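1. How does the following fold in three dimensions:
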Amino acid sequence: MKKYDISQKINFKTGTYELNSDANFNYQLNRVIMWDGGDADEVSAVSHSIRTSSDWVNAMEKLAEKAHAEGRTENEIAYLRMSEFFIYDTDPKKKQRYEEARELFYEFYSDYFDKGIVKRYEVPYEGGYLPVMVTKANGRSKGNILLHGGNDSYFEELFFPMLYLAENCFDVYLYEGPGQGGVLRLQNMKFTHKWERPTKAVLNFFKLKDVTIVGASLGGYLAPRAAAFDKRIKRVVGWSIFPDFFDVVICDHPKPVRDAIDFMFRLGMDSAMNKLYTKMMEKEEIVKWNLLHGMYAYDAKTPSDYVRKIRKFTLKGIADRIDQDVLIIGANKDHFIMPYLFHEEYDMLQNARSLTLRLLTDKQDAGAHCNVGNSKLVLDSIIKWIECCNE
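-> All right, here's what the predicted structure looks like:
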């Protein structure tokens, strides 16, 4: 297998593609290209045939087979990884695809590890371990960054952001926690809303102080939550507007549906809520995937139980503990998270030492969830903000 050339300077793709009429499939297809190493032309060629999760899996697997036959390992990793994404968690093939993509990743990028540029650790945690990748600053360090993903992340996706931050003189600790990546798939550790616990394990293991924590997507809640309870964290970056998981989940539903779900939850009408969600799952693929994956990752038996679990993922009641410098980065066309939720987060974070909002837009190719079309712009924004905080 040809290995990745580690002498290359870190470069990020920039762009936004209209690939599918379904907002979530369109976003995930852009993710395949912009974050995971997929080829834009061949992804575009199959994109409009995708209508269901099965369509997605079949398309990605065929692209992976083609890339494998042609020796294009970087593309093959992307397609294998993202074929797994829409395989439902009860299917044994999900773990198989995950492990295939993971094995290829560490083979293809092995020179980074063999030459000590990136080191891998297993931090003990609750009878298992948290995988951590560490890379040191290219030059005099400007500080320590803890970096993690969110609800459906693989920390390998953040490999190049990690290297870019190191290239810009930061020591970076990239980790997965319960509910994420291999911690979920290989160790069956489910999500916890108490993100300070896995974060504390990482901080203790590496004896870190005075750190910046950066959390992407759901990490926009997880990172501030950790900062609320651990003051070794001095700066917080929410790489998404995420004050309350339940509000995020229902914010794009019609108001009558939002009101009905909230009403049923408050009155404990689990049966009615389960029937409503079952009907929604039959009509909308994104609702089906979100619920089935969520029930697995959050250890919930029913949709109503899942709602009960995610309602714990909120800054309400703890935001007053956050007294660090805080940066929130949003996206004006985010199909998961409505930008207006920033007002809710702003109202909560009244005790922050400083509070900065950066709303990136589609005109910058950064309007989608986690600004997937312009990673460099996001990372440069984070770097400049940290430097300003340290002046």
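2. ok, and the closest non-adjacent residue to residue 245?
-> residue 313 (3.7 Å; C-beta to C-beta, 6 or more residues apart in numbering). Glycine gets a C-beta too; all of them are placed from N, C-alpha and C.
3. dump the residue contacts of that neighbour.
-> Residues counted as contacts of residue 313 (C-beta atoms under 8 Å, 6 or more residues apart in numbering) are 193, 218, 221, 244-246.
4. which ones are touching residue 270?
-> Here residue 270 is in contact with 264, 302, 304-305 (criterion: C-beta under 8 Å, 6+ apart).
5. Pull up the gap between it and residue 302, please.
-> 7 Å (C-beta to C-beta, to the nearest Å).
6. likewise residue 338?
-> Distance from residue 338 to residue 302, by C-beta to C-beta: 26 Å.
7. Count the neighbours of the residue lying closest to residue 306 once chain neighbours are set aside for me.
-> Nearest non-adjacent residue to residue 306, counting by C-beta to C-beta, 6+ apart: residue 300, 3.9 Å away. Using other C-beta atoms under 10 Å, residue 300 has 19 neighbouring residues.
8. Check which residues of the lowest-mean-pLDDT helix or strand in the chain are buried.
-> Across the helices and strands of the chain, mean confidence by mean pLDDT, DSSP states H and E is lowest for helix 255-266: a mean of 84. Neighbour counts using 16 or more other C-beta atoms under 10 Å place 258, 260-261, 264-265 of helix 255-266 among the buried residues.
9. Following that helix in sequence, what is the next regular element?
-> Later in the chain than helix 255-266, the nearest helix or strand by DSSP states H and E is helix 270-283.
10. just to revisit the earlier point, and the residue nearest to residue 306, what is it in contact with?
-> 294, 306, 308-309.
11. Out of those residues, which two sit at the greatest distance?
-> Farthest pair in those (C-beta to C-beta) is 294 and 308. Separation: 11.5 Å.
12. picking up where we left off before, dump the contacts of residue 313 into a markdown table; add secondary structure as well.
-> Formatted as a markdown table, those follow (DSSP: H, G, I helix; E, B strand; the rest coil):
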| residue | secondary structure |
| --- | --- |
| 193 | coil |
| 218 | coil |
| 221 | helix |
| 244 | strand |
| 245 | helix |
| 246 | helix |
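13. which of the residues you listed are buried?
-> For these, buried by 16+ other C-beta under 10 Å: 193, 218, 221, 244-246.
14. any chance of the residues you listed in TSV, plus pLDDT and distance to residue 81?
-> Below are those laid out as TSV (pLDDT from 0 to 100; distance: C-beta to C-beta, whole Å):
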residue	pLDDT	distance to residue 81
193	98	26
218	97	19
221	98	24
244	95	29
245	95	24
246	90	29
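15. and which of the residues you listed is nearest to residue 385?
-> Distances from residue 385 to those, taken by C-beta to C-beta, are shortest for residue 221, at 19.1 Å.
16. so what's that closest one up against?
-> 195, 215, 238, 242-245, 313-315.
17. Now do stretch 331-351: everything it contacts.
-> Against stretch 331-351 from outside (C-beta under 8 Å, 6+ apart): 23-24, 27, 217, 224, 238, 240-244, 247-248, 251-252, 315-316, 319-323, 326, 328, 330, 355, 357, 359-362, 366-371.
18. Do a quick rundown of the strands in the stretch 101-250 of the chain.
-> Counting by DSSP state E, counting those that start in this stretch, the stretch 101-250 of the chain has strands at residues 118-125, 128-135, 144-148, 171-175, 211-216, 233-239.
19. now these as TSV including mean neighbour count, distance to residue 47 and mean pLDDT?
-> TSV is the format used below for the strands of the stretch 101-250 of the chain (neighbours: other C-beta atoms under 10 Å; distance: least, C-beta to C-beta, whole Å; pLDDT from 0 to 100):
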stretch	mean neighbour count	distance to residue 47	mean pLDDT
strand 118-125	15	33	98
strand 128-135	20	31	98
strand 144-148	25	29	98
strand 171-175	24	30	98
strand 211-216	28	24	98
strand 233-239	26	26	98
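20. Out of those strands, which gets nearest to residue 285?
-> strand 211-216 (23.3 Å).
21. Who does the closest one pair with, and is each partner parallel or antiparallel?
-> When pairing is defined by DSSP bridges, strand 211-216 lines up against strand 144-148 (parallel), strand 233-239 (parallel).
22. right, and those strands - which one's nearest residue 377?
-> strand 233-239 (12.0 Å).
23. and the closest one, how far from the chain's centre?
-> 15 Å (C-alpha atoms, centre = their mean, to the nearest Å).
24. Backbone dihedrals for the residue nearest to residue 245, both of them.
-> Torsion angles at residue 313 (phi, psi; degrees, to the nearest 10) stand at phi -90, psi 70.
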